[in-house]
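Novice: starting from these lines, generate the structure:
(chains A and B)
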Amino acid sequence: QVQLRESGPGRVKPSQTLSLTCAVSGAYISSGDHYWSWVRQPAGKGLEWLGRIYASGSAHYNPSLRSRLTLSVDTSKNHFSLKLTSMTSADTGVYYCARVGGVGSTFLEIWGQGTMVTVSS
Amino acid sequence: QSVLTQPPSASGSPGQSVTISCTGTSSDVGAYNYVSWYQKYPGKAPKLMIYEVTERPSGVPDRFSGSKSGNTASLTVSGLQAEDEADYFCLSYAGSHNFVFGGGTKVTVL
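Specialist: Numbers count the residues shown, from 1 in each chain, chains lettered A, B, ... in the order given. Here you go, the predicted model:
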């Protein structure tokens, strides 16, 4: 059974950088069978696709966040990560990691439970 | 502001059907058969309900179905049940390795 679990600081100060990690169990990122994605839900709003990364480290980003967002992968630890710089209150929300259905797929088939991130001084 | 437009709410009585629309453009919904739908309960992770416009993952009841016409995709829930009360989001491939969500629709079972 494939499971994803997000971890992170819970709270960051304005202008700081958010770092989140998604640990994968029950599957190996190194298999190269899937892309791995990040999605967020700002407080009281809808879902927003942030980006996706492949086992090789090749990543694709939401154009609106491209200048602030970096995705990375560590196949030895079987996890992938997100860094979002210059955090503001608009970045407050729940962040989810998810597995894409398969290389060439466009749907998010397995999701983590999400982690709440609050931007506050 | 979400790129894909969904009605904020929809409702129906138990046993009835409800259809949720997801309107995009000829660059996303209209260009690709890559629309997926997600069910989300408050405080829970989203769950994939439909992918590639009409396909249903194993385990999803056949009461859930998807379709597309032009730039608008739709999710229909037939035979509404109390457990179907949730938020539903559409997601579309938008080309150039980019994806866009709809704003979400809250379905209420009356």
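Novice: contact partners for residue A:84?
Specialist: Residue A:84 sits next to A:17, A:18, A:65, A:68, A:69, A:91 when contact means C-beta atoms under 8 Å, 6 or more residues apart in numbering or on different chains. Placement of C-beta: from N, CA and C, glycine included.
Novice: one more time with 10 Å
Specialist: Contact analysis of residue A:84 by C-beta atoms under 10 Å, 6 or more residues apart in numbering or on different chains lists A:12, A:16-20, A:38, A:40, A:50, A:65, A:68-71, A:91, A:95, A:117.
Novice: try residue A:25
Specialist: Contacts of residue A:25 (C-beta under 10 Å, 6+ apart): A:1, A:2, A:3, A:4, A:5, A:78, A:79.
Novice: OK, contacts around the second one?
Specialist: Right, residue A:2. By C-beta under 10 Å, 6+ apart, residue A:2 lies in contact with A:24, A:25, A:26, A:27, A:34, A:99, A:109, A:110.
Novice: quick check on those residues: which are buried?
Specialist: A:24, A:27, A:34, A:99, A:109, A:110 (16 or more other C-beta atoms under 10 Å in any protein chain shown).
Novice: can you narrow the residues you listed down to the ones near chain B?
Specialist: Restricting these to those touching chain B (C-beta under 10 Å from any C-beta of the partner chain) yields A:109, A:110.
Novice: just to revisit the earlier point, of the contacts of residue A:84, list those near chain B.
Specialist: Among these, chain B is touched by residue A:50 when using C-beta under 10 Å from any C-beta.
Novice: now which of the contacts of residue A:84 would you call buried?
Specialist: Applying 16+ other C-beta under 10 Å to these flags A:12, A:18, A:20, A:38, A:40, A:50, A:65, A:68-71, A:91, A:95, A:117 as buried.
Novice: just put the residues you listed in CSV and tack on pLDDT and secondary structure.
Specialist: Formatted as CSV, these follow (pLDDT from 0 to 100; DSSP: H, G, I helix; E, B strand; the rest coil):
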residue, pLDDT, secondary structure
A:12, 97, strand
A:18, 98, strand
A:20, 98, strand
A:38, 98, strand
A:40, 96, strand
A:50, 97, strand
A:65, 95, coil
A:68, 97, coil
A:69, 98, strand
A:70, 98, strand
A:71, 98, strand
A:91, 96, helix
A:95, 97, strand
A:117, 97, strand
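Novice: sounds good, over and out.
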